[in-house]
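# Build the 3D model from these lines:
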Amino acid sequence: MRPSSVAIAGGVILAGFTVWITHRAKALERDLDVTSQKIVLLDKSAPDFHLTASDGRTVSLADYRGRKLVLVFWATWNNGSHPEMLMLGQLYGRARTPENDFEIVGIAVDDTLAAVKQFAADSKLPFPVVLDRNRELTNAYQIRTLPTALVIDGDGKVIYGGAGLARDRQGEFARHLGLRPGDFRMEMGAPRGRGN
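Prediction:
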């Protein structure tokens, strides 16, 4: 039995629609990926903040006026954050000198302080880690991807931002801190997280 011309036309229309919708979905996926990694505050003033660090002291943007500051937005439940936090901890201990005076603050987008404290202790992070439990600071900085690192200059302006510190972005990140890309070597041994 041969299919009717209506059935053939319907099949062609359905196939065409499937191709079109697949193409549109892929384009939307690419746009969302680019948008989620876009740093909205680049070349703008960084919003001030006052958060409590895991050691109990209050940390604010004003504390770092006159020095470069790296804010790294991360989470214990995000396994992609673990190597970045370890690398930044090692970088801080190895490359921070009077000539390369910069500070780092880890902004944990977590729900519990206990998990953040445990990760910071296991990683021996040498910089303050604060809990952004209600994601107020994450939202103020319009961060959509974890981990994301920002560099804020001594005047409080965001001069660099990137989702993750993949090998291809380390040179630009290093340049904004006055470092060499070779300073980004990492020794293995990151603590394990709770999983994605």
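
# need the helices for this structure, in chain order.
Using DSSP state H, the helices of the chain run over residues 5-37, 81-95, 113-123, 136-140, 170-177.

# what residues are up against the residue nearest the centre of the chain?
Nearest residue to the geometric centre of the chain (CA atoms, centre = their mean): residue 148, 1.3 Å. Residue 148 makes contacts with 37, 39, 72-73, 161-164, as judged by CB atoms under 8 Å, 6 or more residues apart in numbering. C-beta: built from backbone N, CA, C; applies to glycine.

# again, only using 7 Å
73, 161-163 (CB atoms under 7 Å, 6 or more residues apart in numbering).

# what's across from it in the sheet?
Counting by DSSP bridges, residue 148 forms beta bridges with residue 73, residue 163.

# and it, how far is that from residue 100?
According to CB to CB, to the nearest Å, residue 148 stands 22 Å off from residue 100.

# which non-adjacent residue is nearest residue 60?
Excluding the flanking residues, the one nearest residue 60 by CB to CB, 6 or more residues apart in numbering is residue 50, at 4.6 Å.

# Let me know the pLDDT of the one you found.
Residue 50 carries a pLDDT score of 92 in this model.

# Next one: the closest residue to residue 51 other than its chain neighbours from residue 108, what distance?
Of all residues not flanking residue 51 in the chain, residue 130 sits nearest, at 3.9 Å (CB to CB, 6+ apart). Per CB to CB, residue 130 is found 7 Å from residue 108.

# just residue 120 next, same as before
8 Å.

# re earlier: give me the neighbour count for the residue nearest to residue 60.
Using other CB atoms under 10 Å, residue 50 has 12 neighbouring residues.

# what does residue 51 give?
19.

# how close does it sit to residue 65?
Counting by CB to CB - residue 51 and residue 65 are separated by 16 Å.

# ok, now residue 82?
31 Å.

# More neighbours: which of the two?
residue 82 (20 against 12).
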